[in-house]
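Visitor: Quick one: sequence plus predicted model below, questions after.
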Amino acid sequence: MNWGTELWDQFENLEKHTQWGIEVVEKYNKFVKERSEIEISYAKQIRNLSKKYQPKKNSEDEYKYTSCRAFLTTLNEMNDYAGQHEVIAENLSLQIISELSRYTQELKQERKSHFNDGRKAQQHIENSWKQLEQSKRRFERDCKEAERAQQYFERMDADINVTKADVEKARQQAQLRHQMAADSKAEYSAYFQSFNQEQNEHYYTLIPHIFQKIQEMEERRIERLGESMKTFAEVDRQVIPIVGKCLDGMTKAAESIEPKSDSQLVIEAYKSGFEPPGDVEFEDYSQPMTRTVSESSLSNSRGDSKPEKSSSKSKVKLWPFKKNKGSGPEDFSHLPPEQRRKKLQQKIDDFNKDIQKEMDQRDALTKMKDVYIKNPQMGDPNSVDPRLAEIGQNIEKLQFESQKFEGWLAEVEGRLPVKSEPPRQQSALYETQNSTPVNNNCAQDRESPDGSYTEEQSSESQIKVPTTDFDDEFDDEEPLPTIGNCKALYPFDGHNEGTLSVTEGETLYVIEEDKGDGWTRVRRNEDEEGYVPSSYLEVFLDKNGKDS
C-alpha cells in the first residue's frame with residue numbers, strides 16, 4: 001500500500017487531506033488546553049472552598065471535638081485533592097499542549113516542503129510536454145510547407161512556358177522545405193524520446209518518492225496524536241493513587257469520630273462542680289411554730305436576716321448559679337468551680353509559655369553579649385543590657401501573675417499553697433503587689449439568697465500567693481534539642497538582640513518552631529543561635545519533632 005503508486009494522480013486531494021490532518025491536531029490541542037483550564041479553575045474553587053471553611057480564631061475551641069477535627073481533616077485533604085488537579089493541568093500543559101504546538105509547526109513546515117517538491121516536479125513535466133507539443137506542431141507545419149513546395153515545383157516543371165531558371169528556383173525551394181521538415185522531424189523525435197523518459201521517471205520515481213514522504217508524515221501525525229491521547233489518560237492515572245490517599249484520609253477522619261469522647265468533652269467544658277440540690281423539706285404553715293429553712297433547700301442556704309415574703313407567685317430557684325454576662329473578674333470567680341479551675345489552669349499554662357519564651361530570649365541575648373565581649377569588633381556588649389533588663393522585668397511580672405493565679409487555683413482545689421522563700425531578685429512592682437492582700441473566697445461559699453451563684457469579694461485575703469525561685473530553676477538549663485533543619489531563602493542581618501544573621505542558602509538547625517509570632521529559633525553551632533523571621537526560611541521539621 002503506497003500512496004505513490006495508488007494515488008499518483010491525486011495530488012490536490014492529498015494536499016487537502018494533509019491540511020485537514022493538521023487541523024485535527026490543532027483541534028485536539030485546543031481541547032486539551034480547555035481541559036487544563038477547567039482543571040485549574042476547579043482546583044481554585046476547591047481551594048477557596050476549603051479556605052472558606054477553615055476554622056477562625058474565635059472558633060478554635062470547636063475543634064477539640066472529634067467530629068470537628070474530622071471536618072478539618074476533610075478540608076485539608078480537599079486542599080491536597082485540589083493540588084492534584086493542579087498537577088493534572090500542569091502535566092497536560094507540559095506533556096501535551098506544548099509538545100503538540102511545537103509538533104504542529106514542524107508538521108506544517110514539512111508538509112509545505114513536500115508539496116513544493118511535488119509542484120516543482122509537476123511543473124517540470126508540464127514544461128516538457130509543452131516543448132514536445134511545440135516541436136510536434138513545428139514538424140507538422142514544415143511537412144506541409146515541404147509538400148506545397150514539392151507540388152509547386154512539379155507544376156513549374158510541367159509548364160513549358162516557364163523558364164528554366166524559374167524551374168530551378170522552385171526545385172531548390174522544394175529541397176529546402178524538405179530539409180526543414182527533416183530537421184523538425186529529428187527535433188520532434190528527440191523531444192518525444194526525452195519526454196517519455198521524463199514522464200516515466202516522473203510517475204514511477206519522483207511522484208512516488210514525494211508521496212511516500214507525505215504518507216510517512218501523515219502516519220507520524222496519526223501516531224503522535226494517538227500518543228497524546230494515551231498521555232492524556234496517563235496524566236489522570238498518575239494522580240489516582242494520591243487522590244485515593246486523600247479519599248482514604250477523609251474516610252479515616254470520618255471513622256475517627258468518637259461520639260462518647262465528644263460527649264465527655266461537653267461534660268468537661270460545662271461541668272459546674274456543684275452537687276445536685278437535695279429534697280425540699282415540707283414547711284407546715286398551719287402550726288403556730290417557728291419555721292426554719294432546710295439546709296438542703298436552695299431557696300435560702302445562708303439564712304439571711306431579711307424574712308422571705310410568702311406569696312403564691314414566688315418560685316424556688318433550682319439552679320446553683322446564674323449565667324454571668326460580660327468578661328467577669330480576673331480570678332474567674334463568676335464561674336462554677338470546675339470551669340473556674342480550668343480557666344485558671346489555662347492562664348497558668350499561658351504564663352508559663354510566656355515565661356519560657358522570655359527566658360529563651362534572655363539566653364539568646366546573653367550568648368550574644370558573650371560573643372560581643374569575646375569579639376568586640378562584632379558589636380558593643382553594653383547595647384544588649386537595656387533589652388536584658390527589660391526582659392528581666394517582664395519575667396518577674398509574668399512570674400508574679402503566674403503565682404497569683406496558682407494561689408487562686410489552690411483555693412479552688414481546696415488546698416493551701418506551700419509557702420516558699422521569695423525569689424532572690426524582685427522588682428519594686430512585684431514587692432508592692434505581693435504586699436497587697438488578695439481576696440479570693442471559695443466560689444462554692446458564695447450564693448445569693450435565692451440560691452443562685454453571685455460574685456462577692458472581700459477586702460481581706462487569708463491566702464498568700466506562693467512564690468517560686470525561677471532563677472535557680474533555669475540556671476542549669478540544657479540547650480534545646482534540634483527538631484529539624486531549615487534553609488535560608490534570603491539573607492537576613494540580625495541587628496536586634498536575640499536575632500541571628502544568616503546568608504542566603506545557609507543550612508541551620510531548628511530548635512524552636514514558629515509559635516505564631518513570625519519568628520523561628522535556629523542554631524548554627526554550639527555557640528551561635530537566635531531568632532530569624534519565619535518567612536525567610538524553608539523549614540523541614542523531623543517527624544518526631546512534629547509529633548512532640
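Guide: That came through fine.
Visitor: any idea how far Tyr270 is from Leu176?
Guide: 134 Å (CB to CB, to the nearest Å). (Each C-beta comes from the backbone N, C-alpha and C, glycine too.)
Visitor: Same check on Pro277?
Guide: In terms of CB to CB, Pro277 sits 151 Å off from Leu176.
Visitor: Looking at these two, which is more packed in?
Guide: More crowded of Pro277 and Leu176, by other CB atoms under 10 Å: Pro277, with 17 against 13.
Visitor: List the buried residues of stretch 211-227.
Guide: Within stretch 211-227, the residues that count as buried by 16 or more other CB atoms under 10 Å are 211, 213-215, 217-218, 221, 224-225.
Visitor: ditto for stretch 364-371
Guide: Counting neighbours by 16+ other CB under 10 Å, stretch 364-371 gives 364-365, 367-369 as buried.
Visitor: One more: stretch 253-260?
Guide: For stretch 253-260, using 16+ other CB under 10 Å, the buried residues are Ala253.
Visitor: what about dumping the CA coordinates of it to CSV?
Guide: The C-alpha coordinates for stretch 253-260 follow below in CSV (Å, rounded to 0.1, in the frame of the first residue of the first chain):
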residue,chain,number,x,y,z
ALA,A,253,-11.1,11.0,59.6
ALA,A,254,-14.8,10.1,59.5
GLU,A,255,-14.0,6.8,61.2
SER,A,256,-12.1,8.6,63.9
ILE,A,257,-15.2,10.4,65.1
GLU,A,258,-16.0,9.2,68.7
PRO,A,259,-19.4,10.3,70.0
LYS,A,260,-18.6,9.2,73.5
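Visitor: what comes into contact with that stretch?
Guide: With contact meaning CB atoms under 8 Å, 6 or more residues apart in numbering, stretch 253-260 is reached by 66-67, 69-71, 73-74, 77.
Visitor: quick one: contacts for Val106?
Guide: Quick fix: residue 106 is Glu, not Val. Contacts of Glu106 by CB under 8 Å, 6+ apart: none found.
Visitor: Any figure for the gap between it and Met229?
Guide: Separation of Glu106 from Met229 (CB to CB): 19 Å.
Visitor: so where is the stretch 51-200 of the chain shaky, pLDDT-wise?
Guide: For the stretch 51-200 of the chain, applying pLDDT under 70 flags the ranges 59-60.
Visitor: residue boundaries of the helices in it?
Guide: Residue ranges of the helices in the stretch 51-200 of the chain, as given by DSSP state H, counting those that start in this stretch, are 66-92, 98-158, 164-201.
Visitor: Could you save those as a markdown table and add columns showing distance to Ser50?
Guide: Converted to a markdown table, the helices of the stretch 51-200 of the chain look like this (distance: least, CB to CB, whole Å):
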| stretch | distance to Ser50 |
| --- | --- |
| helix 66-92 | 5 |
| helix 98-158 | 30 |
| helix 164-201 | 71 |
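Visitor: How far does the helix or strand hosting Lys260 sit from its chain's centre?
Guide: Using DSSP states H and E, Lys260 falls within helix 259-270. Mean-position distance between helix 259-270 and its chain equals 35 Å (CA atoms, centre = their mean, to the nearest Å).
Visitor: what is the orientation angle of that helix with helix 66-92?
Guide: Put simply, helix 259-270 runs at 120 degrees to helix 66-92, going by axes from the mean of the first three to the mean of the last three CA atoms, to 10 degrees.
Visitor: buried set for helix 259-270?
Guide: By 16+ other CB under 10 Å, helix 259-270 has no buried positions at all.
Visitor: after that helix comes which helix or strand?
Guide: Counting by DSSP H and E, the next helix or strand C-terminal to helix 259-270 is helix 337-374.
Visitor: Looking at the helices of the stretch 51-200 of the chain, which one is packed in the most?
Guide: Greatest average neighbour count among the helices of the stretch 51-200 of the chain goes to helix 66-92 (a mean of 19), per mean count of other CB atoms under 10 Å.
Visitor: That one packs against which elements?
Guide: Using 3 or more CB pairs under 8 Å, 6 or more residues apart in numbering; DSSP states H and E, the elements in contact with helix 66-92 are helix 11-52, helix 207-255, helix 259-270.
Visitor: residue ranges for the strands of the stretch 401-548 of the chain, please.
Guide: Taking DSSP state E, counting those that start in this stretch to define them, one finds strands in the stretch 401-548 of the chain at 484-488, 507-512, 519-523, 529-533, 537-541.
Visitor: Adding mean neighbour count, write the ones you listed out as TSV.
Guide: What follows is the strands of the stretch 401-548 of the chain, written out as TSV (neighbours: other CB atoms under 10 Å):
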stretch	mean neighbour count
strand 484-488	18
strand 507-512	18
strand 519-523	22
strand 529-533	21
strand 537-541	15
